[in-house]
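Chemist: A predicted structure for the sequence below; I have some questions about it.
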Amino acid sequence: MCLSQPDLFCLVYDVLVSVWRIFYLQISPRQGLLRVREFTLAKIEHFVDPENKSHPKFSDVSKLEFLMFPREEQTSGQSAKKLCIGEAVAKGTVNNETLGYFMGRVYLFLTRLGIDKERVRFRQHLANEMAHYAADCWDAEIESSYGWIECVGIADRSAYDLYAHSEKSGVALVAEEKYAEPKEVEKLVISPVKKELGLAFKGNQKKVVESLESMKEKEAMEMKATLESKGEVEFYVCTLEKNVTIKKNMVTISKEMKKEHQRVFTPSVIEPSFGIGRIIYCLYEHCFSTRPSKAGDEQLNVFRFPPLVAPIKCLVFPLVQNQQFEEETKVISKELTSVGISHKIDRHNWYIDREKIRENRRTWSAICNNSGHGYICDNQRKRQQRPSSS
């Protein structure tokens, strides 16, 4: 049984972003904090035209090189090697630009957090690992003390999800592309004969009609051929969860030329899924090191995190209790906010205490002491004049 609760749900244009707290009761906990029953999952659902999976920002990442492990290398016993993502897409190793774009962005995300570039790789799913509907799928794996750990999955799930939702809900989940000029196109026309279907299926007529009308072209043409040769065909109705017998007089299937002003299609979905807990665990391992103490009599444990991961980037506080300094502190805070720097104001009459600064550096990357004439930025170890607000 899997229970989940969304912490964040956001739809932005053609992208759906969600953060979930997952409770998966079937999991057998092991590998420390890596395999647990309760975990946080972040997902992006990027909708793309199935006939054009290019990405306008692919050029931003096309020159990136990182470890990739295509299925051919896995089955032949070779090891992962560095490949350029642009070349991998051009050669068809990676199915399309949009999938390659998200692989590049995931690589940048992980390495900027502090993950070692030489200890992250992208492994392509083998044929027996792929879902039947998936066009391609890659896992971002990070090497840890437990070996290579899957932390992010990037999958091209084709249009399966939206087709399945449409079939169950009866709501068409489609996108539209308007043509500059009308086009003559050959269209599949499925015309259920509702009178005959009503006599045969009575209260289930509507469900049978909806299933017939939602058939793809290949399935519909196969049904037409079978009806012409045998007079009837077995047809699976998903909403009834059983096969029904469709006779030749119950449906008409043909192709006609029609003038269209727009194209209606079901989008494919590119889905990156992030295991937040696993990423954080691997980050701890990659940023951990030891160094000898000054006396040389013991080893000190050290975490070296990039400033990017600090939840608070700067701490601002007045050196003494004075109303003038309080106003200056507000001005500094306003300037930091205007450039998007997360910070905290501490009004507890701090003074410059190196030991105290070291103790509190775990949660911020810079500390600013307001003296009225300027500020001291501790991470640079020098006094700087605060820029004029003008």
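Modeler: That came through, no problem. Numbers count the residues shown, from 1 in each chain.
Chemist: hmm, residue 285 and residue 144 touching each other?
Modeler: Yes: the pair residue 144 / residue 285 is scored as a contact, 5.1 Å apart, by CB atoms under 8 Å. C-beta here means a position set from N, CA and C on the backbone, and glycine is covered the same way.
Chemist: and the two? Which one has more around it.
Modeler: A count of neighbours by other CB atoms under 10 Å puts residue 144 above the other of residue 144 and residue 285, at 20 against 16.
Chemist: state the distance from the more buried one to residue 204.
Modeler: 54 Å (CB to CB, to the nearest Å).
Chemist: can you check residue 324 too?
Modeler: From residue 324 to residue 204 the distance is 80 Å (CB to CB).
Chemist: per-residue pLDDT, residue 109?
Modeler: Listed pLDDT for residue 109 reads 96.
Chemist: count the neighbours of it for me.
Modeler: Quick note: residue 109 (other CB under 10 Å) scores 16 neighbours.
Chemist: for it, what are phi and psi?
Modeler: Per-residue torsions, residue 109: phi -60, psi -50 (degrees, to the nearest 10).
Chemist: before we move on, what about the one 3 residues further on?
Modeler: Main-chain torsions, residue 112, degrees, to the nearest 10: phi -70, psi -30.
Chemist: bridge partners for residue 66, pull those for me.
Modeler: residue 83 (DSSP bridges).
Chemist: is it in contact with residue 120, as I believe?
Modeler: Yes: using CB under 8 Å, residue 66 is in contact with residue 120, at 7.0 Å.
Chemist: any figure for the gap between residue 312 and residue 67?
Modeler: 33 Å.
Chemist: scratch that, residue 335
Modeler: 42 Å.
Chemist: more neighbours: which of residue 312 and residue 67?
Modeler: residue 67 (19 against 14).
Chemist: surely that one is in contact with residue 122?
Modeler: Yes: counting by CB under 8 Å, residue 67 touches residue 122, with 7.0 Å between them.
Chemist: show me where the stretch 51-200 of the chain has its strands.
Modeler: 65-69, 81-84, 120-124, 136-144, 147-156, 175-192 (DSSP state E, counting those that start in this stretch).
Chemist: and what of the stretch 251-390 of the chain?
Modeler: Taking DSSP E, counting those that start in this stretch as the criterion, the stretch 251-390 of the chain carries its strands at 251-265, 268-275, 288-292, 299-303, 312-318, 343-345, 364-370, 375-377, 382-384.
Chemist: for those strands, give me TSV that also has mean pLDDT and distance to residue 110.
Modeler: Converted to TSV, these look like this (pLDDT from 0 to 100; distance: least, CB to CB, whole Å):
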stretch	mean pLDDT	distance to residue 110
strand 251-265	87	33
strand 268-275	94	10
strand 288-292	91	16
strand 299-303	90	17
strand 312-318	80	20
strand 343-345	84	26
strand 364-370	52	19
strand 375-377	44	29
strand 382-384	38	33
